[in-house]
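Engineer: With the sequence up front, the predicted model follows.
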Amino acid sequence: MTIMMPASDRMVLERREAIVADLRAIVPGEGVISSAAEMLPYESDALTAYRQPPMVVVLPETTEQVSRVLKYCFDNGIKVVPRGSGTSLSGGALPLEDAVLLGLGKFKRIREIDFDNRVVVTEPGVTNLAISQAVAHAGFYYAPDPSSQIACSIGGNIAENSGGVHCLKYGMTTNNVLGCELVLMSGEVLRIGGKTPENAGYDLMGIITGSEGLLGVVTEVTVRILRKPETARALMVGFAQVEAAGECVARIIGAGIIPGGMEMMDKPAIHAAEAFVHAGYPLDVEALLIIELDGSSIEVDELIKRVEAIALGCGSTTCRISGSEAERDLFWAGRKAAFPAVGRISPDYLCMDGTIPRGALPRALTRIREFSEKYGLGVANVFHAGDGNLHPLILYDANKPGEMEKAEAFGAEILRCCVELGGVLTGEHGVGIEKRDLMPHMFSEVDLDQQQRLKCAFDPQGLLNPGKVFPTLHRCAELGRVHVHGGKLAFPDLPRF
Amino acid sequence: MTVLRIRDAADVEAAVRAAIAGEQPLEIIGHGSKRPIGHAMATNAVLDVSALNAVTSYEPSELIITVQAGAALDEVLSLLDSSNQQFAFEPMDTAALLDAFSGRGTIGGMIGAGLAGPRRIKAGGARDHLLGVHAVSGFGDSFKAGGRVVKNVTGYDLCKLLAGSWGTLAVMTEVTLKVMPKAETERTLVLRGLDDVAANRAMTAALGSPYDVSGAAHVPGTALGAAQGALSGLTTAGKAITLLRLEGIAASVAHRASALAADLASFGTAELVEEAQSAALWRDIRDVIPFAAGGAFGAYPVWRIVCPPARGGAFGQAMARETGGEVIYDWGGGLVWAALPPSADAHAAPLRRRLAAIGGHATLLRADEGTRRAVDVFHPQAKGVAALSERVRQSFDPKSILNRGRLARTPIS
C-alpha cells in the first residue's frame, strides 16, 4: 500500500471483543460479522489494489439501528466507514483496521413510487438500475446511469455524485436527487428535502451529494424520475485523426445540439472492444464517436441529419446510423464493455477519471501519448467526450515488480495535466484515497481548510470515513479559529456597530 | 450608513478582514435589486461589489461563462444571446414584483437568491448551473470551490451551498456558470376555464408525457384579470388559463404540440400561442406579473411556496378561499405564488399549517418591513436541520459578519 491512512487507535483495537459484543446487542443475528474469513469480501471496493480488513462489519436493517450504531461509535470514539455495494473506483469504501465497516446492503426496499410527483422514495441499498426497472412499465426511468448501474447502490451514487453516459443532457446524481434521510455521526436522524422540486434553507442535499461518505449516512433517498423520450438513435462515426473527432464534438455543441450521450474511444480501446463484443466498430480509424440523440422521432431524424453533416465537415471517414433498437444497443455494447474488454488484453489496468474543457481534448491526448512512452506502459482511452470527462485506462502487470507504482505515477501525471489544462482531478469517480494526495494540485490550503470546516459542522470528531478525500487532517478547533488581521487595515473608516 | 465600494477581489478580502477586526457586520450588495427580501440586517455598513463587473471569459463551445459577481445580469444575458445561448434556469426578474429597482440586478444576486423560473422543472435551478466560485468567507479568506467544467466531483460541492444562501456564507467575487443553447422555437398550448385542481391534473399529465414539456403554469381567472402585459391578452370572461410550453426545433415542437393536445383532450381544446408571444407569456409567469407591485394586488404580501407538484392545486385553492387571496401556479403545481390580503402575519400560520400536511416550504418574498418583523420570512426548519444549517453557516462565517440577520427573525447577537 503506497498511501498513508490515519494511525490506528490502539485503545479501540484492544477493546475489539467488547465492541463487537456491544454492536451485536444493537444489530442482532447475522448483522454483525467479525470472523476474518467472512469479512474478506469487505476488504476492498472496486479499487482492488488497496485492501484492508475492517475491525468488524455491521449490516443494519433499520434507520434506528444505523442511528444506534453511529451513536455508540460516537460515544466511544470509534471510526466508521460506510459502504454501499462496494463499486467505488476511488477507494471510498476502503476499510480501516480500527473502524466499523457499516454496510447498507440490507436497505433493499423501494418504499414508494409516486408517478404524479415524478419521484421514487427508496432505501439506499437499492441498485441504480432497479429504480429504472421499477418504473419502466409506466415509461419512466432514473436518468443517471453509471457503467456499474447493475450493481451500484443509489446510496453509493449519492456519496459519489455518480454520472454516466447520459449526464451530458440529464445531469449527474446531484441534479436528480431531491431529498434524503440522513443519520449524523452523533446518531441524530434528519430529514433533508423531500418531494418538493427545491429545498428550503441552505442546500444540504447538494452538499451531502458527492461528500464521499464523510458527512453522514443516508438511509432513505427521494429521486426524480423522468419520462422516457419517445425514441433514441445513435450514430457511430470514425475519424482518421483524434483532433478531427475532438473538433466534431465542439461543433455539435456549438450548433446548439445537446446529444443524450456523446462518447469517444481511441484506437486501442476500439480494438479491445471490438475483439470482445463484435459490435462492428471500424478498426482502421484513430477515433470513434458514438453520438446518441433522443426525443421525438421527428426531432431525432432531423438532428441525425445535422450531426451527420457536421461529422462529414470534420472529415469523418465512416458513419453508421442505428436503424433499430437492436443496432443502437450494439453500438453501445462495445463502449459499455470497454473496461472489461481492456481487462482481456492486459493483466491489470488503472482506470483514471479527469475532466478537461472539451476544447483541450486533442492536447490532452497528445500528452497522454507522451506519458505512455515515458513510462513504457500502454493506454486505451475512453471519454465522455460531450463533457470532457476522460477515462484513460493504463495497462500494467501487477506481478511485475514496480509496475503498479509506475502505473500510479503515470495516472497522477494525467490528472495533474487535466488540472493544468483547466480541468479537474475527478469527474465522477470521486477522490477517495486514489486522488487524495493530488488535491493540493487543484486546491490551496485555504480552499481545503474551508471544505474541512464544513466537515466539522457534520462530524466534529472526524470519525466518519477519515483518511479519504483530504490529504491532511486538521482538528476542528484549530480550523474554527478566526484570525484577526492586525496592522494596517485597508478600510480604517469602517464604523463600529 | 457607510458604503464600502470595492475595486477588486483583493479589496473584498481586505474589507471583510477589517469588518472582522472591527466586529462590524456587512450587508453585501450588488445593485440592491433584492434588498427588500428577508429580514432587516443588523448592520450599518454596506459592502458594494458592483464594480466587480467584468466578464472573465465566455466560451460558447464549452457552454460556460466566467464572470465577476457584480456583473449586471442584463448585460450578461445580452452577451449570451449574441451566441444564441442562455441560463437555462430562467432567472427571475424581481423588479416588477418588488418595485424596488428597475433592473435585473447582478450575477451574484441571481445566485445568492437562486430564484429560478418556469424551466426549472426541466433544467434545474441556479444551484444546478453554478460550476465554480471564487469567494471570501467570513474568516476573511479568499477561497475557491468547484471548477470550470460541468463534470466535477473533486471535493465537497460548496457551490450548491452558496446558491440560495442570500449572501450569508461568503462574498462571491467570481463565478463560472453553465450556459445552454436557446431553443430554435417555442409554442405554448393554452387550456381555458379549468379550476385549480383540474389544471393541476392537466399539468401532471403533461409533465408525465414524453413530450418534453418545459413550462407548466396555471393562472386562475381572478388573478388573470389583474394582469397587465402579455397575459392580459389571453383574458376572456374571467376564465382561467393553463399554459404548457414546448421548445425545440420547429418540426418537433409542432409534432409534440399536437400529440400533447390530443392526450389532454379531456381537459378541453387547446389553443396555440407561438414564438414571441409565447416567450412573452412565460416572462410574465416567471416574473409573477399578475401580482406586480404596480397592479391590483400590489398591496398584498406575496408568498413563494414550493410543494410536491401534484399537491399544489388543492393547496392553493384552499389557501385562496380561506384568505380571500389570489394564487398562480408554476412548475406544474410545485411552485405556488400567493398574494394574500394584508394581515398582521400575512396569513403565515394557516399557510404553513396547511403546508406541513403536504410537505413544502413558504418564503414571504414581498411584504412591508413591519410584516416581515412579525413573520419568519424564510420557512422555519425542523430543529435538527436548523441546528445543522447554523453549524454550516458558522463553518463559513463564525462571527456572523456577512448579511447578519437576513435569514433569521432574531438577529444573532
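Structural biologist: That came in fine, so what should we check first? Numbers count the residues shown, from 1 in each chain, chains lettered A, B, ... in the order given.
Engineer: List phi and psi for residue 113.
Structural biologist: Assuming you mean chain A. Backbone torsions of residue A:113, given as degrees, to the nearest 10, read phi -110, psi 120.
Engineer: sorry, should have said chain B
Structural biologist: Torsion angles, degrees, to the nearest 10, at residue B:113: phi -90, psi -30.
Engineer: so it sits right up against residue B:36, yeah?
Structural biologist: No. Between residue B:113 and residue B:36 there is no contact, the gap being 11.7 Å when judged by CB atoms under 8 Å. Backbone N, C-alpha and C define where each C-beta goes, glycine included.
Engineer: Compare neighbour counts for those two and give me the winner.
Structural biologist: residue B:113 (23 against 19; other CB atoms under 10 Å in any protein chain shown).
Engineer: which residues sit in contact with that one?
Structural biologist: With contact taken as CB atoms under 8 Å, 6 or more residues apart in numbering or on different chains, residue B:113 is in contact with B:34, B:37, B:94, B:126, B:164, B:166.
Engineer: just the helices in chain B please.
Structural biologist: B:9-21, B:73-82, B:95-98, B:107-113, B:120-123, B:158-162, B:196-207, B:221-224, B:250-263, B:275-286, B:312-323, B:348-358, B:369-374, B:383-396 (DSSP state H).
Engineer: closest to residue A:123 out of those?
Structural biologist: helix B:383-396 (20.6 Å; CB to CB).
Engineer: List the buried residues of that closest one.
Structural biologist: B:384-385, B:388-390, B:392-396 (16 or more other CB atoms under 10 Å in any protein chain shown).
Engineer: just to revisit the earlier point, chain A: which of the contacts of residue B:113 is nearest?
Structural biologist: residue B:164 (5.9 Å; CB to the nearest CB).
Engineer: State the number of residues packed around the nearest residue to residue A:8 once chain neighbours are set aside.
Structural biologist: Closest residue to residue A:8 apart from its sequence neighbours, by CB to CB, 6 or more residues apart in numbering or on different chains: residue A:98 at 4.2 Å. Per other CB under 10 Å, the neighbour tally for residue A:98 reads 20.
Engineer: With residue A:105 instead?
Structural biologist: Counted by other CB under 10 Å, the residues lying close to residue A:105 total 16.
Engineer: quick one, what contacts it?
Structural biologist: A:59, A:83-85, A:125, A:153.
Engineer: rerun that using 10 Å as the cut-off
Structural biologist: A:59-61, A:83-86, A:124-125, A:153, A:155 (CB atoms under 10 Å, 6 or more residues apart in numbering or on different chains).
Engineer: okay, now residue B:236: neighbour count?
Structural biologist: Residue B:236, neighbours per other CB under 10 Å, totals 10.
Engineer: For the stretch 1-150 of chain A, give me the ranges with low pLDDT.
Structural biologist: A:1-2 (pLDDT under 70).
Engineer: Which single residue of it ends up nearest chain B?
Structural biologist: residue A:116 (3.7 Å).
Engineer: Test my guess that residue A:477 contacts residue A:462.
Structural biologist: No. Residue A:477 is beyond contact range of residue A:462, at 11.3 Å (criterion: CB atoms under 10 Å).
Engineer: Have a look at these two and say which one is more surrounded.
Structural biologist: residue A:462 (20 against 9).
Engineer: Pull the contacting residues for the more buried one.
Structural biologist: Per CB under 10 Å, 6+ apart, neighbours of residue A:462: A:6, A:79, A:185, A:214, A:452, A:455-456, A:470, A:473-476.
Engineer: swap the cut-off to 8 Å and go again
Structural biologist: Neighbours of residue A:462 in contact, by CB under 8 Å, 6+ apart: A:455-456, A:473, A:475-476.
Engineer: mind checking the SS state of it?
Structural biologist: The three-state label for residue A:462, taken from DSSP: H, G, I helix; E, B strand; the rest coil, comes out as coil.
Engineer: State the pLDDT value of it.
Structural biologist: Note for residue A:462: predicted pLDDT of 97.
Engineer: What distance do you get for it to residue A:189?
Structural biologist: 21 Å (CB to CB, to the nearest Å).
Engineer: what helix or strand is residue A:418 on?
Structural biologist: helix A:403-420 (DSSP states H and E).
Engineer: Only the buried residues of that helix, if you could.
Structural biologist: The neighbour-count check on helix A:403-420 (16+ other CB under 10 Å) flags A:403-404, A:406-408, A:410-415, A:417-419 as buried.
Engineer: Once you drop chain neighbours, what's closest to the one residue in the stretch 201-350 of chain A that gets nearest to chain B?
Structural biologist: With CB to the nearest CB, the shortest gap between the stretch 201-350 of chain A and chain B falls at residue A:206, namely 2.6 Å. The shortest distance from residue A:206 to any residue other than its chain neighbours is 2.6 Å, reached at residue B:160 (CB to CB, 6+ apart).
Engineer: Pull the contacting residues for that neighbour.
Structural biologist: A:174, A:203, A:205-207, A:209, B:127, B:130 are the contacts of residue B:160 under CB under 8 Å, 6+ apart.
Engineer: now do residue A:31
Structural biologist: By CB under 8 Å, 6+ apart, the neighbours of residue A:31 are A:58-61, A:65, A:106.
Engineer: still on that earlier bit, my guess is the residue of the stretch 201-350 of chain A closest to chain B meets residue B:127, correct?
Structural biologist: Yes. The pair residue A:206 and residue B:127 qualifies as a contact (CB under 8 Å) at a distance of 5.8 Å.
Engineer: who touches both of these two?
Structural biologist: B:159-160, B:163.
Engineer: Please identify the helix or strand for the residue sitting nearest the centre point of chain A.
Structural biologist: Central residue of chain A (CA atoms, centre = their mean): residue A:429, 3.0 Å from the mean position. Counting by DSSP H and E, no helix or strand carries residue A:429.
Engineer: okay, stretch A:400-413 in CSV with CA atoms only?
Structural biologist: Output in CSV follows, covering the C-alpha atoms of stretch A:400-413 (Å, rounded to 0.1, in the frame of the first residue of the first chain):
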residue,chain,number,x,y,z
LYS,A,400,6.0,-7.3,-12.5
PRO,A,401,7.8,-5.6,-9.6
GLY,A,402,7.4,-1.8,-9.7
GLU,A,403,4.8,-1.7,-12.5
MET,A,404,1.9,-0.8,-10.3
GLU,A,405,3.9,2.1,-8.9
LYS,A,406,4.8,3.2,-12.4
ALA,A,407,1.1,3.0,-13.5
GLU,A,408,0.1,5.1,-10.5
ALA,A,409,2.8,7.7,-11.3
PHE,A,410,1.5,7.7,-14.9
GLY,A,411,-2.0,8.2,-13.7
ALA,A,412,-1.0,11.1,-11.4
GLU,A,413,0.7,12.8,-14.3
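Engineer: Do it and chain B come into contact?
Structural biologist: No. Stretch A:400-413 is not in contact with chain B by CB under 8 Å from any CB of the partner chain; minimum separation 14.2 Å.
Engineer: and that stretch, how far out from the chain's middle?
Structural biologist: 22 Å (CA atoms, centre = their mean, to the nearest Å).
Engineer: Just the residues contacting it, thanks.
Structural biologist: A:2, A:49, A:348, A:350, A:352, A:371-372, A:374-377, A:379, A:392, A:394, A:396-398, A:438.
Engineer: contacting residues for the residue nearest to residue A:271 when sequence neighbours are not counted?
Structural biologist: Distances taken as CB to CB, 6+ apart place residue A:283 nearest to residue A:271, at 6.2 Å, with adjacent residues excluded. Shown in contact with residue A:283 (CB under 8 Å, 6+ apart): A:270-271, A:274.
Engineer: just residue B:308 next, same as before
Structural biologist: Per CB under 8 Å, 6+ apart, neighbours of residue B:308: A:114, A:117, A:194-196, B:334, B:358-360.
Engineer: count of neighbours near the nearest residue to residue A:215 once chain neighbours are set aside?
Structural biologist: Excluding its sequence neighbours, the residue lying closest to residue A:215 (CB to CB, 6+ apart) is residue A:458, at 4.2 Å. Residue A:458 is flanked by 22 other residues according to other CB under 10 Å.
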